[in-house]
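A.B. asks: prediction below, plus the sequence it came from.
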Amino acid sequence: MTQHNRRFLPALLLVTLVATIVELDMSVPSFPDIAEEFGTSASAVQLTITYNFFGYCLGALVYGPLSDRFGRRRVMLAGNTVMLAGALGCAVAPAVEFLLASRFVQGVGASTSVVLVFVIIGDVYQGNRLFKMYGLTNAAMSAFMTAAPALGGLVNRMLGWRGNYATVLGITLVSLLLMALFLPETKGEPAEVTVRQVAADYRKLLTSKEFLAASLVPSLLFAAYMVFIAASSFLYTGTFGLSTVAFVGHLLIIVTSFAVTSLFASKLITVCGGPEKTVVYSVLATVLGIALFVVFGDGPWTTTGPVAVFCAGFAALYPVVFGRSLEIFPGLQGAASSLNMSGRALLVSLLTGVAGALFSGDSLVTAGVMGLVVAIAVPLAFVATKPDRTRKEAAVADTR
């Protein structure tokens with residue numbers, strides 16, 4: 001890859017992530033309008049998140065191995081073309097069933113960039129530059145998450161719910177064209193990847209109790225967060241009687257608490273006295289937030305405050321525990337990343353589906369499901385991982 005291409009690669013990779021990150025949160029403010037137009041229930045509309053993440057789950061499992069076999073560029077272009085088709089289907093959906101199918105297709109394609117952007121970064125950068133690129137990418141993703149609800153509320157007010165999906169369609173089209181013109185191939189020589197080899201790698205990870213614990217904690221907490229996001233528009237605008245604009249303001253506070261904490265997570269680890277103490281403090285904040293939501297979450301501010309505390313705790317906990325999942329088998333980081341993303345999407349799909357089916361209009365079901373998930377995740381956060389010899393030797397070499 002030429003120096004010229006490398007210079008603009010970070011900006012191009014960030015552009016490819018925009019549609020993937022905003023396609024979910026942008027649509028949430030439109031849920032009541034979608035339910036009204038199609039004459040369907042809140043539970044049915046919440047399934048747009050369930051179907052989207054189920055598609056994401058399936059796509060995440062295959063894009064890593066496919067990119068090893070056919071190259072990053074080809075798979076990025078193919079996967080984002082699938083996402084474009086799904087976004088188009090969402091924008092023109094004549095019925096809720098068509099919308100759900102399109103959201104599934106969109107999810108299959110959306111997982112491409114999330115899985116492969118970090119793989120491409122690993123192909124191109126090393127050492128401190130690699131860590132800086134990871135930090136820049138996570139910061140940008142947090143910023144996109146923060147802006148998406150406000151943008152979705154504004155577009156919904158001006159253009160209606162179809163306008164949100166049309167906006168995602170436009171962003172996806174622009175990023176796809178830019179990838180076709182400027183994205184270089186970073187893989188090098190294609191690797192012979194067999195189904196048996198991929199299955200063996202996944203089996204090794206799935207039979208490790210340490211990996212499963214480290215993988216499940218962030219995935220479970222993210223799923224709890226998405227359970228709230230799926231129900232949030234109905235809670236704030238229906239149960240609490242807020243306008244769409246006011247709802248977006250509350251959602252912005254919650255998403256910002258997650259994004260800002262994510263941006264400063266590395267500094268928080270230092271302030272807390274190291275990774276292990278960070279886990280303790282973060283778990284306390286997460287449990288406190290959910291407990292307050294369960295007990296007091298019967299109004300807009302008594303919901304927003306506790307959920308914001310939960311999000312801050314989760315965001316501080318995430319890099320520590322997620323990092324553990326990639327450290328256990330350094331030679332399988334790609335497979336570990338794919339399993340993390342796929343498992344997370346599956347949990348979101350299942351839990352939002354269950355919570356949506358049980359949703360009765362108040363916060364009780366939402367808070368109850370979130371509380372149950374947190375109760376499962378907390379003990380797993382304290383499962384210790386053994387340092388890997390290969391990783392220890394590499395760390396020693398880096399200090400010489």
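C.D. replies: Nice, thanks for sending it over.
A.B. asks: list the contacts for A246?
C.D. replies: A246 sits next to Y236, P300 when contact means C-beta atoms under 8 Å, 6 or more residues apart in numbering. Yep, even glycine has a C-beta here, placed from its N, CA and C like the rest.
A.B. asks: ok now whichever helix or strand it is part of, how far from the chain's centre?
C.D. replies: Using DSSP states H and E, A246 sits in helix 244-263. Centroid separation between helix 244-263 and its chain, computed with C-alpha atoms, centre = their mean, to the nearest Å, is 15 Å.
A.B. asks: can you mark which positions in that helix are buried?
C.D. replies: The neighbour-count check on helix 244-263 (16 or more other C-beta atoms under 10 Å) flags 244, 247-263 as buried.
A.B. asks: now swap in stretch 194-213 and tell me
C.D. replies: For stretch 194-213, the buried set under the neighbour-count rule, 16+ other C-beta under 10 Å, comprises V198, D201, Y202, K204, L205, S208, E210, F211, L212, A213.
A.B. asks: could you report the pLDDT at the last one?
C.D. replies: This means A213. On the pLDDT scale, A213 is placed at 93.
A.B. asks: now the very next helix or strand once past the helix holding A246 - C-alpha only, CSV.
C.D. replies: Per DSSP H and E, helix 244-263 leads on to helix 265-272 as the next helix or strand towards the C-terminus. Extracted in CSV, the C-alpha atoms of helix 265-272 (Å, rounded to 0.1, in the frame of the first residue of the first chain):
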residue,chain,number,x,y,z
ALA,A,265,-11.8,5.0,29.8
SER,A,266,-8.0,4.7,29.6
LYS,A,267,-7.6,7.6,31.9
LEU,A,268,-10.2,6.3,34.3
ILE,A,269,-8.3,3.0,34.6
THR,A,270,-5.3,5.0,35.8
VAL,A,271,-7.4,7.1,38.2
CYS,A,272,-9.0,4.0,39.6
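A.B. asks: flag every buried residue along helix 265-272.
C.D. replies: A265, L268, I269, C272.
A.B. asks: now render these as a markdown table, adding distance to A231 and pLDDT.
C.D. replies: Output for the buried residues of helix 265-272, formatted as a markdown table (distance: C-beta to C-beta, whole Å; pLDDT from 0 to 100):
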| residue | distance to A231 | pLDDT |
| --- | --- | --- |
| A265 | 27 | 78 |
| L268 | 29 | 85 |
| I269 | 32 | 82 |
| C272 | 31 | 89 |
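A.B. asks: not counting its neighbours along the chain, what's nearest P275?
C.D. replies: Nearest residue to P275 in three dimensions, chain neighbours excluded: V320, at 4.6 Å (C-beta to C-beta, 6 or more residues apart in numbering).
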